[in-house]
Each structure stands twice: as structure tokens, then as C-alpha cells.
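*Asks:* how would this look folded up:
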Amino acid sequence: MSSIDKLLLQGVRSFSPDQHQVIKFEPGLTIILGPNGTGKTSIIEALKYVTTGKVPPNTSKNQWLFDPRLLSNTGTEARVSLRFKSKNGKFITATRRMKVENKKKQTTFKEIS
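*Replies:* Numbers count the residues shown, from 1 in each chain. Sure, this is the predicted structure:
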């Protein structure tokens with residue numbers, strides 16, 4: 001049986017673009033618990049994005065990434081990596097990288113990989 005091993009988030013919503021956060025999924029049931037605004041929904045959205053390439057409904061790709069203006073930057077890069085164990089026991093990693101840039105009141109989104 002396939003299983004999720006870990007998820008790496010960087011630069012998505014409230015997850016900082018300066019350092020990555022890793023969530024380790026243990027065998028069995030994993031419960032994501034925390035106060036409002038701490039990124040629980042962002043974790044589920046990241047799982048969907050890394051596996052399908054789809055951003056959350058009613059959200060543009062620019063809005064889904066960390067807002068670079070919060071750090072007085074013109075752009076930011078984001079990364080979502082999912083490592084899972086295939087049914088034959090091999091570990092496989094899927095990664096999606098994105099970049100958003102603000103130039104002259106125009107925001108552009110680009111998928112890097």
C-alpha cells in the first residue's frame with residue numbers, strides 16, 4: 001500500500017519563503033490540529049497542489065503564495081515537496097516550485113518545476 005511520508009512547505013500562504021517547514025506523517029491516522037490561522041487548510045491545499053497542480057478554488061495562484069510585500073520584496077519563491085512510499089516500498093518525491101513577482105502594479109506567477 002502507498003503512504004505519505006512527509007510534506008515540505010516553503011513560501012505558501014503563511015509559511016515563510018525564508019525557511020522550509022517539514023511535516024512528517026506517521027503510519028496510521030494523522031490529525032492536523034491547531035488554532036485558526038495556523039496553516040491547517042494550507043497543508044491540505046499543498047497536498048492537492050503538489051499532486052494535481054490545482055490551486056484552491058476561488059484563489060488565484062498569486063494569492064496562494066506568500067505575499068512578498070510583507071517582507072518589502074518584489075518577489076518570492078515557493079516550494080511544495082511530497083515524499084511518499086510506493087506500494088513496492090520505494091520512496092518517491094514530487095516537487096513543485098513557483099515564483100511570484102510584483103513589477104509596476106502587475107503581479108506575475110510562474111511555475112519553475
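*Asks:* And residue 85, how close does it get to residue 92?
*Replies:* The gap separating residue 85 from residue 92 is 8 Å, by C-beta to C-beta, to the nearest Å. Backbone N, C-alpha and C define where each C-beta goes, glycine included.
*Asks:* Counting neighbours, go ahead and name the busier of these two.
*Replies:* Remark: of residue 85 and residue 92, residue 85 carries more neighbours, 15 against 11, as counted by other C-beta atoms under 10 Å.
*Asks:* show me where the chain has strands.
*Replies:* For the chain, applying DSSP state E gives strands covering 3-10, 21-24, 75-85, 91-103, 106-111.
*Asks:* Looking at those strands, which one is packed in the most?
*Replies:* strand 75-85 (a mean of 19; mean count of other C-beta atoms under 10 Å).
*Asks:* nearest to residue 58, of the strands of the chain?
*Replies:* Nearest to residue 58 among the strands of the chain is strand 106-111 (15.9 Å), distances taken as C-beta to C-beta.
*Asks:* Quick one: residues in contact with the helix ranked longest in the chain.
*Replies:* In the chain, with assignment by DSSP state H, the single longest helix is helix 40-52. Outside helix 40-52, the residues that touch it by C-beta atoms under 8 Å, 6 or more residues apart in numbering are 4, 7, 9, 12-15, 23, 32-34, 54-56, 64, 80-82, 94-96.
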